[in-house]
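Asks: Show me how the following folds:
(2 chains)
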Amino acid sequence: MKKKTSQGTNAAVAVPYKKRSSLFKSLWNSRTLMLMCLPAIIFFIVFNYCPLPGIWIAFTNYNFRGGIFGSPFCGLDNFEFLINSGELWLLTRNTILYNLAFIVLGNIFQIVIALMLNEIRNKWFKKVSQTVMFLPYFISVVLIGAIAFNILNYDTGALNTLIRETGGDPLQIYSQAGIWPFIIFFCNMWQQTGYGSVVYFAAICGIDSSMVEAAEVDGATSWQRIRHIILPSLKGTFIILLLFALGGIMRGNFGLFWNLTGGVNSQLFETTDIIETFVYRTMTTQNNFSTSSAVGLYQSLFGFVLVMISNWVVKRIDPDYALF
Amino acid sequence: MRKTNTRKRAIALVMASMMAMSLAGCGGGNDDANKGSSSNSGSTATSTSTSTGGEIDTSSHEVINMLVLGNRPTNGRLEAMLEQLNAILNEKVNAELEYTYVEWTDWQTQYNLQLLSGDTSLDLICTATDWLYGWENVIKGAFMPLTEDMLQTYAPNTYAQVTEDDDWEICKYDGDIYFIPEDNYIQYTNHGMFYRGDWAAEAGIPDGTITEFEQLTTYFQWIKDNQPDCIPWDVPGKNNTAGILGGYLTSKTDYTLFNGVGVGNYTDFWGVMQSDPGTVVSPYMESDALYDAAELMKEWNDMGVWREDVLNFDGDSREEMYAGTSGADQHHAQTYYSSIVPNMEAKQPGSDPKFYYWGMENQNVAHPLKLHQACAISANSQHPERALMVYDLLRTDEECYRLLNYGIEGEDYVVTDDGKLARPDGWDQSTDALDSNFWLGRNDDLELQDSTWWDGTQDFIANLNSIGYDYPFENFIIDTASIESKQAALANVLSKYIPQLAYGKFDDPRAAIDDMREELKAAGYDEVKASIQEDLDAFVAEHGEVQFVRGE
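Replies: The predicted model follows:
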């Protein structure tokens, strides 16, 4: 079995090295390709590189007459606030643990769903189930928050009404921090799994069918086909998606967390407060741009370090799967 | 052939330039605007110095954008009014008025972000030192400093009115005027609880009138026992995370808060005790009354005064009170006599709506702040002179004033024979309201007494005038820049504890308060206190001993 399953991602890097003088020439020669890349390049320049100087806000006492560069410099004071508040550890822990669960379990769910879809022979049923699983992805998190409140709230919620009618003791869900990781995890999976499985499903469709057919002729059962052909072929996709996801491990799904927990219900902070919700809350209640920029910078730096480390680790294990 | 080529080129050119423009819009636009405003303020200086008493140049037509708080009305009345108003403004000062609303949903966030964004299209801004972060925004540079020359030249009537009451002094920061106060408009905005007198009487409260904080417990308990379809106080805790802890402190101590030094959303954190007006204190840190308050709130929570999930609920308790599904609502005196009484009498006949205000039992009530509402000019305004001219008309020209505040005579309002404001037949507040929300400079000289309001309003105000004291810290401005990061740390602690204390969610509120106080101490309570104390000492040195003068 071939070990390398190129997804074409490394193609761009494989431009042969030439002398500097011919750089322009090679650009000119591939002008059509360059033109096609242009929108993406402009996008990144405008939205990712142009705002970079704004990092400066994190080191100033921002006021809006002075603007970004006119505000007084205050060194690391803003970071001191983060440590003083004593929450940096809690926020980092919550953010990372949630994301680990989302990434690891999420990917497993997505692969399982993709495999199941692949095994479905009835075309009509396959399309319908794919669409149904896809649907939650397009529901706004604001709506999900409202739906959840109407199901879970104590006085009029559907769940507690049911419990009451059947003679049980209603649950005080919005004051118990302990169950929220499960609720948030469930909502996230419900929303993301269908969408995420598409990538894996596409990868499965891309597997050379002659291999699968050969295995079938040799008498492999479907479990054996999955175990020895499909799963190993998905390894590359899995690792690349994992690396991408690890880069965002410090980023949380703000909308989901904020809307599900209501944002200001401090009874739930311990298990539901992530960097994004903390930044938003402190910024909006104190309109403190400096602090939120500082947290944003911390978040980005941490994420950057994580990507570098995980890429390095992957490179040590198998250079083919490294991103760069 | 050639023709199509040219056309293609033309299209390409147009598209390319459109793209370039849309890109330039992000970065460059701001620069231009800044230049515009700086050159503009330059010309302000020159024109004020040269044109005092001379001609004012109004040759160019300007659009004056006014930021107000409120939900943009959708019934078309505002537009109809603006059409007539703008015709007048156009004729008199060659300008037109445009509205920007900061809607009530999430207003604190939206308001501050709107100012922070450096929007160059804003001119007149509604602000306030007690509830709209007035001084904070002055310090952050959101507002334009106004010279007396400028005010005298472009807003002469307003200038004269404010000068008459000698109120410019309280609008100054570092020697510059930043606000035009709504100082000729009496409005009591001391908070309290609206409740139903008929139910209070049945609950056995003497005279059906609550005069002490604890009597609310009796009232709520009665509702709980006798009105199964009504939540005693269906408060949206999500929008009011501090609850009424502050109300309790006002009623049970002689605490007076400082404006403009809110810790996060908790605006009454710092102040003084009237018995010791020279010492900065926070009752949240140092008063034993907080223990009692938190314990009472726990009792209420266990009773079911509010929903179990109060901190996630964001309904409208006022509308619910009108509908009979909430037994109480919490807001200020003006809301009581202008909305609660007329609405309750119409929608719940015989409900005898009443108002228990914080500090009723110990007479801890301040006279209205002169900066409870004010007008500021945006720091980025492109034409501050014209904005002032428009403002002057809106505030002091009777025709403009009535149009703006009441609408079109005959359609939106009528004047009764005895000179009071009335509404045409069939007019309904909830569908026909003008909602122009001109809280930037209402003016009692032009204000019509509203015949729809509670007829006891004048007596009520007179009573408060006689028992209240003058708020002595109107122009006490605290240097918030040096304590900002510590304040943020304090706010962070409060945002964890206060919502749960205010709605009785801790099993042991006493222990929780002790924990909170320890954390506040660790977060730098003492440093912030010392810094504010310095400011207070300087204030006392400049203005003399702080005094609480009661009566008119």
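
Asks: what about the chain, any weak spots by pLDDT?
Replies: Just so you know, I chose chain A. For chain A, residues meeting the criterion pLDDT under 70 lie at A:1-21, A:63-66, A:81, A:84-86, A:285-287.

Asks: My question was about chain B, not that one.
Replies: Applying pLDDT under 70 to chain B flags the ranges B:1-55, B:552.

Asks: since we're on the closest residue to chain A within it, how many residues are nearby?
Replies: Going by Cβ to the nearest Cβ, chain A is nearest to residue B:141 of chain B, at 2.7 Å. From N, CA and C alone the C-beta is placed, and that goes for glycine too. By the measure other Cβ atoms under 10 Å in any protein chain shown, the count of residues near residue B:141 is 19.

Asks: Check residue B:229 too.
Replies: 6.

Asks: ranges for the strands of the stretch 151-300 of chain B?
Replies: Secondary structure of the stretch 151-300 of chain B (DSSP state E, counting those that start in this stretch): strands located at B:172-173, B:176-177, B:180-181, B:191-196, B:255-257, B:271-273, B:276-281.

Asks: just the CA coordinates of the last one, formatted as PDB?
Replies: Right, strand B:276-281. C-alpha atoms of strand B:276-281 as PDB (Å, rounded to 0.1, in the frame of the first residue of the first chain):
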ATOM      1  CA  ASP B 276     -18.400  61.400  57.000                       C
ATOM      2  CA  PRO B 277     -18.300  63.300  53.600                       C
ATOM      3  CA  GLY B 278     -14.600  63.600  53.500                       C
ATOM      4  CA  THR B 279     -13.800  59.900  53.300                       C
ATOM      5  CA  VAL B 280     -14.100  57.800  50.200                       C
ATOM      6  CA  VAL B 281     -15.800  54.500  50.900                       C
END
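
Asks: Neighbouring strands - and their directions - for that strand?
Replies: According to DSSP bridges, strand B:276-281 has the following sheet partners: strand B:271-273 (antiparallel).

Asks: Now do the partner strand: everything it contacts.
Replies: Residues outside strand B:271-273 that contact it (Cβ atoms under 8 Å, 6 or more residues apart in numbering or on different chains) are B:253-258, B:278-283, B:536, B:546.

Asks: before we move on, what about stretch B:275-287?
Replies: For stretch B:275-287, using Cβ under 8 Å, 6+ apart, the contacting residues are B:245, B:249, B:253-256, B:266, B:269-273, B:289-290, B:472, B:494, B:498, B:517, B:520-521, B:525, B:529, B:532-533, B:536-537, B:540, B:545-548.

Asks: Could you rerun that using 6 Å?
Replies: B:249, B:253-255, B:269-270, B:273, B:517, B:520, B:525, B:529, B:532-533, B:536, B:546 (Cβ atoms under 6 Å, 6 or more residues apart in numbering or on different chains).

Asks: now do stretch B:463-477
Replies: B:135, B:170, B:173, B:188, B:258, B:363, B:365-367, B:369, B:539, B:546, B:548-552.

Asks: what about residue B:57, neighbour count?
Replies: Residues near residue B:57, counting by other Cβ under 10 Å: 12.

Asks: Contact partners for residue 242?
Replies: Here I'm looking at chain A. Going by Cβ under 6 Å, 6+ apart, the list of residues near residue A:242 is empty.

Asks: Oops, wrong one, chain B.
Replies: B:266, B:498, B:502.

Asks: follow-up on the earlier one: single out the most deeply packed of the strands of the stretch 151-300 of chain B.
Replies: strand B:180-181 (a mean of 28; mean count of other Cβ atoms under 10 Å in any protein chain shown).

Asks: Burial check on residue B:453, number of neighbours?
Replies: 18.

Asks: phi, psi of residue B:213?
Replies: When quoted as degrees, to the nearest 10, the phi and psi of residue B:213 stand at phi -50, psi -40.

Asks: Return the residue spatially closest to it, with its sequence-adjacent residues excluded.
Replies: residue B:251 (4.7 Å; Cβ to Cβ, 6 or more residues apart in numbering or on different chains).

Asks: who touches that neighbour in this structure?
Replies: B:213, B:358-359, B:361.

Asks: and if we set it to 7 Å?
Replies: Going by Cβ atoms under 7 Å, 6 or more residues apart in numbering or on different chains, residue B:251 touches B:213, B:358-362, B:364.

Asks: Spell out the secondary structure type for the residue nearest the centre of chain B.
Replies: Note on chain B: the residue nearest the mean C-alpha position is residue B:131, at 4.4 Å, using Cα atoms, centre = their mean. Secondary structure, DSSP: H, G, I helix; E, B strand; the rest coil: residue B:131 is coil.

Asks: What of residue B:65?
Replies: The local conformation at residue B:65, judged by three-state DSSP, is strand.

Asks: Quick check: the gap between the closest residue to it other than its chain neighbours and residue B:72.
Replies: Once flanking residues are discounted, residue B:65 sits nearest to residue B:98: 4.8 Å by Cβ to Cβ, 6+ apart. From residue B:98 across to residue B:72, the span is 12 Å (Cβ to Cβ, to the nearest Å).
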